[in-house]
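Asks: attaching a predicted model along with its sequence, questions to come.
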Amino acid sequence: MNKQDQLLVNDQVVMALREGNHDAYEKVFVAYFPRVKYYVNNLTRSSTVAEELTQEVFARLWENHALVKPSVRSLTSFLFTIAHRVAIDFLRGRRVRESYCHEQTGREEETVSTEDSYMARELYRVVKLVVEQMPARQREIFKMSRLSGMSNEEIATRLAINKRTVENQLSLALRKIKEMLG
């Protein structure tokens, strides 16, 4: 964390975060996002995956803000513990998916195609339902990112908001979708 970021987060900011203050959360997000992303990237070896997983880490931080102990040191430990768990869960899941795909190569092409088609339709239906239930701004940001393929910077520019706000909203949207999919 550089000197400027260190000034953003102190024990008072952590206390405010613990009490649910969104401005304090934004300060923590801005100060820690690059470090957490770097850490996750080292574990996953993918900057794209690291970006999404880091957003997941901050969504979990917000959901569990009341559990943070009131000090910068505790916050740092809390964040990196979440980051480690999220990255390990991702890596384990990827290994399971790869194993499943490997097993499926021996099955008849027609059966897999029919099952895949059905699963894709069901997945689309569930995701569409979750997206429609999101708050309007979050839904707009999600659609711009995932359906229009816009980068976070492009979305921030078009909506005249901070790039970190875009990242935060995408993180929360992805969290909702993951929760709904189980």
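Replies: Thanks, I have it. Numbers count the residues shown, from 1 in each chain.

Asks: and the helices in the chain, which stretches?
Replies: 3-8, 11-18, 22-44, 47-63, 72-104, 109-132, 136-146, 152-159, 163-181 (DSSP state H).

Asks: can I get these in CSV including mean neighbour count and mean pLDDT?
Replies: Bear in mind the C-beta positions are built from the backbone N, C-alpha and C, glycine included. Listed next are the helices of the chain as CSV, based on neighbours: other C-beta atoms under 10 Å; pLDDT from 0 to 100:
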stretch, mean neighbour count, mean pLDDT
helix 3-8, 12, 56
helix 11-18, 18, 94
helix 22-44, 18, 94
helix 47-63, 20, 93
helix 72-104, 14, 80
helix 109-132, 11, 71
helix 136-146, 17, 88
helix 152-159, 16, 91
helix 163-181, 18, 86
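
Asks: now do the domain split for the chain, please.
Replies: What automatic domain parsing lists as the domains of the chain is 1-106, 109-182.

Asks: need the contact list for residue 132.
Replies: By C-beta atoms under 8 Å, 6 or more residues apart in numbering, residue 132 lies in contact with residue 139.

Asks: over to the one 10 residues further on?
Replies: Going by C-beta under 8 Å, 6+ apart, residue 142 touches 131, 134, 169, 170, 173.

Asks: for these, which one is nearest residue 45?
Replies: Nearest to residue 45 among these is residue 170, at 21.7 Å by C-beta to C-beta.

Asks: hmm, residue 53 and residue 87 touching each other?
Replies: Yes: contact criterion C-beta atoms under 8 Å: residue 87 and residue 53 qualify, at 5.9 Å.

Asks: quick check: neighbours shared by those two?
Replies: 40, 44.

Asks: tell me how far the nearest residue to residue 141 once chain neighbours are set aside lies from residue 37.
Replies: Nearest non-adjacent residue to residue 141, counting by C-beta to C-beta, 6 or more residues apart in numbering: residue 169, 4.6 Å away. For residue 169, the distance to residue 37 (C-beta to C-beta, to the nearest Å) stands at 17 Å.

Asks: please apply the same query to residue 171.
Replies: 12 Å.

Asks: please apply the same query to residue 119.
Replies: Taking C-beta to C-beta, one finds residue 119 at 31 Å from residue 37.

Asks: ditto for residue 61
Replies: To residue 37, residue 61 is 14 Å away according to C-beta to C-beta.

Asks: just residue 53 next, same as before
Replies: For residue 53, the distance to residue 37 (C-beta to C-beta) stands at 8 Å.

Asks: residue 122 too?
Replies: 32 Å.

Asks: same check on residue 150?
Replies: 20 Å.

Asks: distance from stretch 35-53 to the middle of the chain?
Replies: Centroid separation for stretch 35-53 versus its chain: 11 Å, with C-alpha atoms, centre = their mean, to the nearest Å.

Asks: residue 88: what's its closest spatial neighbour, skipping adjacent residues?
Replies: In space, residue 88 comes closest to residue 43 once its chain neighbours are excluded; the distance is 7.6 Å by C-beta to C-beta, 6+ apart.
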